[in-house]
Structures are given as C-alpha cells and as structure tokens.
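*Asks:* no sequence for this one, just the structure:
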C-alpha cells in the first residue's frame with residue numbers, strides 16, 4: 001500500500017506561526033510608516049511657521065498680504081508671486097472666516113507660499129497650478145498645506161470659539177469648498193500631534209482640529225480615538241500674528 005505524505009500538526013503550527021509573523025511584520029511596517037509621515041507633518045508645519053516669522057521680521061509684512069511684492073521681493077514679477085494683498089495683516093479672501101477652506105487662484109492664500117519662496121524661506125513651489133506639489137506645498141502623507149487667517153469664531157469645521165490669527169492648515173484635498181471634507185487623518189492622529197506639541201485639546205492652544213467634528217472630536221473637548229474614518233484634519237496657529 002502506497003504511503004501518503006502530508007503535513008504533521010507540528011509543521012502546520014510552524015507555518016501558521018510564520019504567516020502570523022509575516023502579517024505582524026507588514027502591519028508593524030505600515031504603522032511605522034504612518035508614524036514617520038505624522039512626524040514629517042509636524043516638521044513641515046513647524047518649518048512653515050519659522051518661514052512665516054522670518055518673513056514678518058524681515059519685511060514687516062505677511063506673505064500673501066504684502067503690498068507690491070514685485071517691488072520688494074526678488075524674482076517676483078509674474079504669476080501668483082506678483083499678486084499683492086491689501087496689507088491688513090490678515091491672509092483673508094472670500095472665505096475669510098474659515099482658514100480650513102483652501103484657497104482659490106489669485107487669492108492671498110495662494111500667493112503666500114509664492115512670496116515665501118521668492119524671499120528664499122521655503123522651496124518646493126514649482127508652478128502656477130493650484131495643486132499640492134505644484135503651486136502649493138505637498139505633504140508626505142498626501143495632500144498639502146495652505147495659510148489663512150481665522151477670525152476665531154465658531155464655524156462648521158471648528159464649532160467653538162478659538163484663537164484668532166494666521167493658521168497653517170493641512171488637508172488631503174483642495175477640490176472642495178467645505179472644510180469638513182478636507183480630512184486625511186484619524187482623530188487619534190490629530191490628537192497625538194496635539195498632545196505632543198500643544199495642549200492635547202481640539203479647540204484650544206495652537207493646534208486645532210478642522211475636520212468633521214462628528215468623527216474627530218467628542219464633546220468639543222477630546223479627540224475621538226477609536227474611529228477609522230480619515231476625515232479629520234489639523235491646523236497650527238503661527239507663532240507670529
């Protein structure tokens with residue numbers, strides 16, 4: 001009678017353990033990648049804040065809002081860079097009340113990064129296209145950044161009063177006119193950054209959540225830590241203005 005070969009229970013157990021280790025390794029790798037991306041987001045926003053402060057200290061003006069940039073900044077005679085603001089010390093446009101809303105072309109929000117690059121304070125602005133990685137800074141996590149003034153009053157995306165001033169905002173997409181859909185982050189991720197560099201609460205301090213409050217914040221005072229919905233987002237108040 002021909003002997004049939006097969007796996008023993010020990011061999012099957014070893015295979016299961018190996019598969020488990022491989023899956024665990026992949027998941028751990030994804031977790032480490034996401035952590036690295038979150039850390040790069042902090043680095044990016046801190047760098048933009050530093051550039052914003054240096055611009056203010058050098059020109060006594062705000063990028064995007066500065067009058068006659070072509071007469072003040074080097075290599076700034078065309079396109080969005082040549083677009084001057086109204087010098088009211090606020091990066092404000094038609095959506096002035098919500099810094100969470102991304103810019104439209106020719107607005108101060110769009111010109112701001114072109115002015116920062118002309119001043120030699122940032123790099124990465126490649127063209128006049130209104131997309132992240134072209135005319136607006138890109139983020140390693142996907143999406144990118146913009147600057148805008150926030151009046152500090154309650155809005156759709158920030159439903160309680162908060163600090164007024166200039167904010168560096170992150171969003172996954174700039175195609176919407178509603179900040180609720182600007183996400184790209186988990187509530188737990190926004191909360192982790194807030195606790196790491198600020199006060200850990202959604203609407204106080206320099207770090208503010210400006211994603212969909214329903215999936216990002218609970219009671220207006222804490223972040224939702226167990227949601228898998230990535231429609232949360234983050235904004236950082238600049239040190240200056």
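*Replies:* Arrived safely. Note that the structure is a prediction, hence the values are computed from the model and not measured.
*Asks:* switch to C-alpha atoms for all contacts and neighbour counts from now on
*Replies:* OK.
*Asks:* where do the strands sit along this structure?
*Replies:* For the chain, the strands defined by DSSP state E occupy 144-150, 165-171, 207-209, 217-218, 222-223, 234-237.
*Asks:* where does the last one sit relative to the chain's centre, distance-wise?
*Replies:* Looking back up the chat, that one is strand 234-237. In terms of C-alpha atoms, centre = their mean, to the nearest Å, the centre of strand 234-237 is found 7 Å from the chain centre.
*Asks:* For it, name the packing helices and strands.
*Replies:* Contact here means 3 or more C-alpha pairs under 8 Å, 6 or more residues apart in numbering; DSSP states H and E; on that basis strand 234-237 packs against strand 165-171, strand 207-209.
*Asks:* Reformat the ones you listed as CSV; add distance to residue 16 and mean pLDDT.
*Replies:* Output for these, formatted as CSV (distance: least, C-alpha to C-alpha, whole Å; pLDDT from 0 to 100):
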stretch, distance to residue 16, mean pLDDT
strand 165-171, 41, 92
strand 207-209, 42, 91
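*Asks:* if we can go back for a sec, kindly reformat the strands of the chain as JSON lines containing distance to residue 188 and mean neighbour count.
*Replies:* Formatted as JSON lines, the strands of the chain follow (distance: least, C-alpha to C-alpha, whole Å; neighbours: other C-alpha atoms under 10 Å):
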{"stretch": "strand 144-150", "distance to residue 188": "19", "mean neighbour count": "26"}
{"stretch": "strand 165-171", "distance to residue 188": "16", "mean neighbour count": "26"}
{"stretch": "strand 207-209", "distance to residue 188": "11", "mean neighbour count": "27"}
{"stretch": "strand 217-218", "distance to residue 188": "9", "mean neighbour count": "19"}
{"stretch": "strand 222-223", "distance to residue 188": "6", "mean neighbour count": "21"}
{"stretch": "strand 234-237", "distance to residue 188": "12", "mean neighbour count": "24"}
